[in-house]
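J.: Predicted structure and sequence below. I'll ask about it afterward.
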Amino acid sequence: MDILVVGGGGREHAIIWSLAQSPKADKIYCAPGNAGIAQLAECVPIQVNEFKKLADFAEEQKVGLVVIGPDDPLADGIVDVFEHRQIPVYGPRKNAALIEGSKTFMKDLLHKYNIPTAAYAKFDDYTSALQYLQQQSMPIVIKADGLAAGKGVTVAHTMDEAVDALQSIMQDKVFGEAGSKVVIEEFLAGQEMSILAFVDGETVRPMAAAQDHKPAYDNDLGPNTGGMGTYSPLPHIQQSIIDEAIETIIVPTAKAMVAEGRSFSGVLFAGLMISPDGTPKTIEFNARFGDPETQVVLPRLQSDLLEIFLATVNGTLADIEIQWSEQAAVCVILASGGYPAAYAKGLPISGLEHTDEQALVFHAGTALSTDGEVVTNGGRVLGVVGLGTDIATARAKAYEHAEKITFEGKHQRSDIAAKAMQDQ
């Protein structure tokens, strides 16, 4: 079977790496792809928002399955376009992808169905939002309603920070129309946890849990990013808490979407906070694989990813068993200097030739120069994944391998998975 994967980041590289291991996978295409993906798939110069061109290509090449990676095309209805042309596609339709595309919709859904989440208020005008904000205690969370590449959330510790964030979103429009509405949310303290699940309607098959590191700098300081690293499993979080999160949050949300006439098919990704008393609450939902969570979750998948995708598309996800490895995985993101603010592109990357069975390198923001050299092409450049029998071993391998890769201005956090180490 020939497959087309839409996207060009670290998530898509990990998806393609996993799909390539399936005996059913023949040729894999990726649009637009990146320098690392090009080693596993044929990259096609079509952008993720060029729906007609993508569908035309899929028809011309007679691909058996299209897999959608990023959030923007899902929110804009790419799955509906492929379904209309009767091209098999993996991912949620536009009306279901709204669970990520609008934080207001997501919060209202959870409130309606009594699914645990933080207290919140929503606003579509700056004056009302400001008046409400000035009556709140700090810290508080300010969120742009729409998609903002993982950067539309501010945890404000002072009123000045909160007002600045609100003004940036609603008045300065730093996130464009994504900031036409805001959600102002109670700050939740505790341990963060990500649980991704393969979902088809009310059928939920959870993946291995992971923990992301959003802030740019060590000790969770600095602005939020798309994610600076992640790890799986979570030895410091009891399995009973993970099970509770699945049963009280993810499963009820899948059922709520069906009840709302928005049946979800694809990967439903819950960003959760575990309070000090062990109670999980919802921070956010995403309508696709997380990035960089995918880079540590899929290396632990022992089942055939293509079989899972096909079972979902064919409505038989409930009939298959999914197996996970006991090994640990830790991902360290190598970012461009200045990220998540302005950064340079086109800088040569060295050290990629170093290979190791216990270390994987997933390309995110890379490209090939005119002379065939791999260069930087984004804020998050590479995800270096270490594998091992436990978190400590995997973490050591990830950092060991990360040190071998260099480019001008390279930035990485030095404390990825440190929380798991401290609590063991």
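T.: Happy to help now that I have it. These numbers come from a predicted model, not from an experiment.

J.: for the most centrally placed residue in the chain, helix, strand, or coil?
T.: For the chain, the residue sitting closest to the mean C-alpha position, by Cα atoms, centre = their mean, is G290 at 1.8 Å. Assigned with DSSP: H, G, I helix; E, B strand; the rest coil, G290 falls in the coil class.

J.: where are the low-confidence patches of this protein?
T.: 150, 423-424 (pLDDT under 70).

J.: quick check: domain ranges of it?
T.: Structural domains annotated on the chain: 3-99, 119-186, as defined by automatic domain parsing.

J.: follow-up on the earlier one: what's the closest non-adjacent residue to the residue nearest to the centre of the chain?
T.: F269 (4.9 Å; Cβ to Cβ, 6 or more residues apart in numbering). Using the backbone N, CA and C atoms, a C-beta is placed for each residue, glycine as well.

J.: which residues touch the one you found?
T.: F269 makes contacts with S194, I195, L196, A197, F285, N286, A287, R288, F289, G290, E293, as judged by Cβ atoms under 8 Å, 6 or more residues apart in numbering.

J.: hang on, the first one packs against A270?
T.: Right, S194. Yes - contact criterion Cβ atoms under 8 Å: S194 and A270 qualify, at 7.1 Å.

J.: Give the buried residues for stretch 180-191.
T.: By 16 or more other Cβ atoms under 10 Å, the buried positions in stretch 180-191 come out as K181, V182, V183, I184, E185, F187, L188, Q191.

J.: typed the wrong thing, it's stretch 254-271
T.: Neighbour-count burial for stretch 254-271, counted by 16+ other Cβ under 10 Å, picks out 254-257, 260, 262-271.

J.: what does stretch 68-88 give?
T.: Neighbour-count burial for stretch 68-88, counted by 16+ other Cβ under 10 Å, picks out 68-82, 87-88.

J.: among those, which are in helices?
T.: Under the assignment DSSP state H, those contribute D71, D72, P73, L74, A75, I78, V79, D80, V81, F82 to helices.

J.: Got phi/psi on the residue nearest to G290?
T.: Main-chain dihedrals, F269, degrees, to the nearest 10: phi -120, psi 120.

J.: Name whatever forms a beta bridge with it.
T.: L196, N286 (DSSP bridges).

J.: quick one: it from A210, how far?
T.: Distance, F269 to A210, using Cβ to Cβ, to the nearest Å: 10 Å.

J.: Mutual contacts of these two, please.
T.: Residues touching both F269 and A210 by Cβ under 8 Å, 6+ apart: S194, I195, L196, G290, E293.

J.: now, which of the residues you listed sits nearest E177?
T.: Nearest to E177 out of the shared contacts of F269 and A210 is G290 (Cβ to Cβ; 23.7 Å).

J.: Tell me who's in contact with I195.
T.: Shown in contact with I195 (Cβ under 8 Å, 6+ apart): P206, M207, A209, A210, I242, A245, I246, I250, F269, A270, L272.

J.: Just the ones in strands from these, please.
T.: P206, F269, A270, L272 (DSSP state E).

J.: Turn these into CSV, including distance to E403.
T.: Below are those laid out as CSV (distance: Cβ to Cβ, whole Å):
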residue, distance to E403
P206, 34
F269, 30
A270, 33
L272, 32
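
J.: Which of those residues sits closest to T158?
T.: If you rank the ones in strands among the contacts of I195 by distance to T158 using Cβ to Cβ, L272 comes first, at 26.1 Å.

J.: what about that closest one, neighbour count?
T.: Neighbourhood size, L272 [other Cβ atoms under 10 Å]: 27.

J.: OK, contacts around it?
T.: By Cβ under 8 Å, 6+ apart, the contact set of L272 is E192, M193, S194, I195, A245, I249, P280, K281, T282, I283.

J.: which SS state does the third one fall under?
T.: Using three-state DSSP as the criterion, the local structure at S194 reads strand.

J.: Can you get me a residue count around G351?
T.: 14.

J.: Quick one: the helices in the chain, in order.
T.: Using DSSP H, helices in the chain cover 10-19, 51-60, 71-75, 78-84, 94-101, 103-112, 126-133, 159-170, 239-245, 251-259, 294-297, 305-314, 391-403, 418-422.

J.: out of those helices, which comes closest to I349?
T.: helix 391-403 (12.3 Å).

J.: Just confirm the residue nearest to the centre of the chain contacts S194, I think it does.
T.: Yes - here G290 lies in contact with S194, judged by Cβ under 8 Å, at a distance of 5.8 Å.

J.: Report the spatially nearest residue to Y113, omitting neighbours in sequence.
T.: Nearest one to Y113, counting by Cβ to Cβ, 6+ apart, is A256 at 4.3 Å.

J.: Confirm for me that that neighbour is in contact with H111.
T.: No - using Cβ under 8 Å as the test, A256 is too far from H111 to be in contact (10.6 Å).

J.: For A254, see how far away F285 is.
T.: Plainly put, F285 is 10 Å away from A254 if you go by Cβ to Cβ.

J.: Can you get me a residue count around the closest residue to T225 other than its chain neighbours?
T.: Leaving aside its chain neighbours, T225 sits nearest to P340 (4.7 Å; criterion: Cβ to Cβ, 6+ apart). A count of nearby residues for P340, using other Cβ under 10 Å, gives 20.

J.: list the contacts for P340?
T.: K151, A216, P223, N224, T225, G226, G379.

J.: If any of those are buried, put those into a PyMOL selection.
T.: Buried residues within the contacts of P340, by 16+ other Cβ under 10 Å, are selected in PyMOL with:
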select buried, resi 151+216+224+225+226+379
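
J.: Columns distance to K143 on top of the contacts of P340, output as a markdown table?
T.: Output for the contacts of P340, formatted as a markdown table (distance: Cβ to Cβ, whole Å):
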| residue | distance to K143 |
| --- | --- |
| K151 | 11 |
| A216 | 18 |
| P223 | 14 |
| N224 | 10 |
| T225 | 15 |
| G226 | 15 |
| G379 | 20 |
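
J.: Would you reformat the ones in helices among the buried residues of stretch 68-88 as a markdown table and include distance to H13?
T.: Formatted as a markdown table, those follow (distance: Cβ to Cβ, whole Å):
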| residue | distance to H13 |
| --- | --- |
| D71 | 17 |
| D72 | 18 |
| P73 | 17 |
| L74 | 18 |
| A75 | 22 |
| I78 | 19 |
| V79 | 21 |
| D80 | 26 |
| V81 | 24 |
| F82 | 22 |
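
J.: closest to E60 among the residues you listed?
T.: F82 (13.8 Å).
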